[in-house]
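Chemist: Sequence first, then the predicted structure:
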Amino acid sequence: MSSSDSKFDVRHIAHLARIELTDAETAKFQSQISEVLAHVAQLQSVDVTGVEPTAHTYPIFNVFRDDNPRDWFTPEKALGNAPHQANQLFVVPKVLE
Amino acid sequence: MITSLSVAELQKRLRSREVSPVEVIKSLAERIETVDPQIQGYLSWSLDQALAEAEKADVSLPLGGVPIAIKDVISVEGQPNTCGSKFLKNYRAPYSATVIHKLRAAGAIPFGRCNMDEFAMGSSTENSAYQITRNPWDTTRIPGGSSGGSAAVVAADEAFAALGSDTGGSIRQPAALCGCVGLKPTYGRVSRFGLTAFASSLDQIGPFSKTVEDSALLLNVLSGLDPLDSTSLDEKVPDHTAFLGHDLKGVRLGLPKEYFVDGMNPQVEKAVRDAAAHYETLGAEVVEVSLPNTRHAVGVYYIISTAEASANLARFDGIRYGHRAKGTAGLIEHYLKTRAEGFGPEVKRRIILGTYVLSSGYHDAYYVRAQKVRTLIRRDFTDAFENVAAIICPTSPTPAFKIGERVDDPLSMYLADIFTIAANLAGIPGISIPCGFAEEDGKKLPIGLQLLGRSFDEPNLLKIAHAYEQSTEWHKAKPLEA
């Protein structure tokens, strides 16, 4: 992880994130995100030997509830915002060729 | 004018029947019609629904008949919840957030949807896909962000109070820049069920208000355990108003030396140092404290928050709700085009950055390391709070900047949150209150004083904030004519 971070390839990462970029976006984001990565590179100089990571600021771990059925959405309500639906189902693009 | 009242003042008039809840909603709608064309703080409002709720309002309840504006990221069943994004342009919330149920149970009326940076990512509200909200003190300037709409409508007396969300300063920074009170509660104090998630280990819902007392009134209603949010905590909810009006004798406050940085606006620095001196006249003792890892907060934040955002925003797939690209061939192209069309540039940048720091080979170097430095930032606060009851510092290094000034410079925009981010990383509560004005181009621009406290010590934080507010006049100034 150098300060210029030459390994960051915005086009590859955008594809992993499932966002198509225009050529203009590719060039702009490559330089803008590289600048942010150069800024966060300062963290490499911090001594974190023996330090536990913080994922959550309060010491709670698993939270359980009783497994009781309760009223929730009707199918109509669950589908109310679907861009494409039929027969009380979400319609998805073809997954298998 | 009714709309210039605080929540507490409004309650008195409602309970004495000087004004009815319906008249209040009508006055507010009139104010919005008059003022909002220049401020652009609201994305939408449903007058009919608010009037119907006002007809039935019970003014004896804690917030009976009080309208509350809602950031457009907190769901109210049947209303829009755009999150400032084109992705959710036609979305209608199928359920209400827990905070909305709590407000309604206390008699309040959710009224109006406030503009925001898309998915709460930003510090100026310029990342909204819909409109540019203007700072009521100078309409050529930004109101702060991401809850810029909530701050602007409270400052412009288009709302008595509002809800916002704060992931890295999104309540406190716009409150400071618009001259109102903004409170980010302790992580776990307020349920996030029904808040569209940005960064789940940092997000908190909190109130914008005209006074500290109103902030306490709202916190009383919003707080508490919620079985629907497993990160909400089962801590007793005190009556926060009971802590107001006490003197500060023997209270020790910390002034962190690292929060007075190079490049800080001198007018901001002077206002905050004057506020510290004022606290001494109120009987408090002010001592220097050190938060040495603060300088890493922005870096840690932009790794952790973007990593969490990249996971949270994976739900925007164009299948179950929201935008869906037309005419795509196959699933991958469907995702690529749907997300390219639905998200704005800042959201794309952050999802990409977050995906990168979590990607194979970089996860340990970026994400895990950032979580470790986060531990050090938390420890700084734990150590400081051994000696002081609260920390006082600037909320923002500068007053409101000009619209367009930082739009194409993400890093400079990120540094706008330099003083607010650490509280989210540490999970502690913070409040911003007005502490003076800077003068730029002949315009008065509000300056915010930030107070940070121990986890779940909102009572002391509000007590200390209230003592300052009640002995100064800053919060009484109004940007617009009544």
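Modeler: Perfect, I can see it now.
Chemist: Residue B:200 - that's part of a helix, no?
Modeler: No - Residue B:200: not assigned to a helix; according to DSSP: H, G, I helix; E, B strand; the rest coil it is coil.
Chemist: Please work out how many residues are found near it.
Modeler: Neighbours of residue B:200 under the rule other C-beta atoms under 10 Å in any protein chain shown: 16. Every residue, glycine included, has its C-beta placed from N, CA and C.
Chemist: what about whatever residue of chain A ends up closest to chain B, distance to residue B:321?
Modeler: The nearest approach of chain A to chain B comes at residue A:57, 2.7 Å away (C-beta to the nearest C-beta). From residue A:57 over to residue B:321 the distance is 31 Å, taken as C-beta to C-beta, to the nearest Å.
Chemist: Could you do residue B:28 as well?
Modeler: When residue B:28 is compared with residue B:321 (using C-beta to C-beta), they lie 30 Å apart.
Chemist: Neighbour count for the two, which is higher?
Modeler: More crowded of residue B:28 and residue B:321, by other C-beta under 10 Å: residue B:28, with 25 against 22.
Chemist: pretty sure the more buried one is touching residue B:3, no?
Modeler: Yes - contact criterion C-beta atoms under 8 Å: residue B:28 and residue B:3 qualify, at 5.7 Å.
Chemist: Can you check which residues contact both of those two?
Modeler: B:158, B:160 (C-beta atoms under 8 Å, 6 or more residues apart in numbering or on different chains).
Chemist: And the strands in chain B, which stretches?
Modeler: Secondary structure of chain B (DSSP state E): strands located at B:42-44, B:67-71, B:109-114, B:161-166, B:181-184, B:204-209, B:252-256, B:285-289, B:390-394, B:430-440, B:443-453.
Chemist: Give me the buried positions along the least confident helix or strand in chain B by mean pLDDT.
Modeler: Least confident helix or strand, chain B: helix B:410-414 with a mean of 85, by mean pLDDT, DSSP states H and E. By 16 or more other C-beta atoms under 10 Å in any protein chain shown, the buried positions in helix B:410-414 come out as B:410, B:413, B:414.
Chemist: For residue A:2, give me the pLDDT.
Modeler: pLDDT, residue A:2: 41.
Chemist: what does residue B:95 give?
Modeler: 96.
Chemist: Can you tell me the number of residues neighbouring the closest residue to it other than its chain neighbours?
Modeler: Spatially, and ignoring its direct neighbours in sequence, residue B:95 is nearest to residue B:77 (5.4 Å; C-beta to C-beta, 6 or more residues apart in numbering or on different chains). Neighbour count of residue B:77, defined by other C-beta under 10 Å: 15.
Chemist: you'd agree residue B:77 is up against residue B:104?
Modeler: No - in this structure, residue B:77 is not within contact of residue B:104 by C-beta under 8 Å, at 10.5 Å.
Chemist: overlap in contacts of these two?
Modeler: residue B:96.
Chemist: rewinding a little: which one of the strands of chain B lies nearest to residue B:471?
Modeler: Among the strands of chain B, strand B:430-440 comes nearest to residue B:471, with 11.6 Å by C-beta to C-beta.
Chemist: Which strands and helices lie in contact with the closest one?
Modeler: Judged by 3 or more C-beta pairs under 8 Å, 6 or more residues apart in numbering or on different chains; DSSP states H and E, the packing partners of strand B:430-440 are helix B:172-178, strand B:181-184, helix B:212-222, helix B:266-281, strand B:443-453, helix B:458-470.
Chemist: For residue B:135, which of these is the nearest?
Modeler: Of all those, helix B:172-178 sits nearest to residue B:135, with 6.2 Å by C-beta to C-beta.
Chemist: now that closest one, how far from the chain's geometric center?
Modeler: Relative to its parent chain, helix B:172-178 has a centroid offset of 8 Å by C-alpha atoms, centre = their mean, to the nearest Å.
Chemist: Same check on stretch A:59-77?
Modeler: Stretch A:59-77 sits 24 Å away from the centroid of its parent chain (C-alpha atoms, centre = their mean).
Chemist: got it, and stretch B:428-448?
Modeler: 15 Å.
Chemist: Now that stretch: average pLDDT?
Modeler: 97.
Chemist: Can you mark which positions in that stretch are buried?
Modeler: Neighbour-count burial for stretch B:428-448 flags B:428-438, B:440, B:443-448 (criterion: 16+ other C-beta under 10 Å).
Chemist: Can you get me the start-to-end distance on that stretch?
Modeler: Start and end residues of stretch B:428-448 are separated by 18 Å (C-alpha to C-alpha, to the nearest Å).
Chemist: Equivalent analysis for stretch B:454-463, please.
Modeler: 13 Å.
Chemist: residue contacts, the one residue sitting closest to the centre of chain B?
Modeler: Centroid check for chain B by C-alpha atoms, centre = their mean gives residue B:171 as the closest residue, at 1.6 Å. Applying C-beta under 8 Å, 6+ apart, we find residue B:171 in contact with B:147, B:150, B:164, B:165, B:182, B:183, B:184, B:206, B:207, B:208, B:432.
Chemist: Taking those residues together, which two end up most distant?
Modeler: B:165 and B:432 (14.7 Å).
Chemist: nearest to chain A, of the helices and strands packed on strand B:430-440?
Modeler: Of the helices and strands packed on strand B:430-440, the one closest to chain A (C-beta to the nearest C-beta) turns out to be strand B:181-184, at 12.7 Å.
Chemist: which one is residue B:454 nearest to, not counting chain neighbours?
Modeler: Per C-beta to C-beta, 6+ apart, closest to residue B:454 is residue B:385, 5.0 Å.
Chemist: Repeat that for residue B:306.
Modeler: residue B:354 (3.4 Å).
Chemist: Please consider this matter closed, and thank you.
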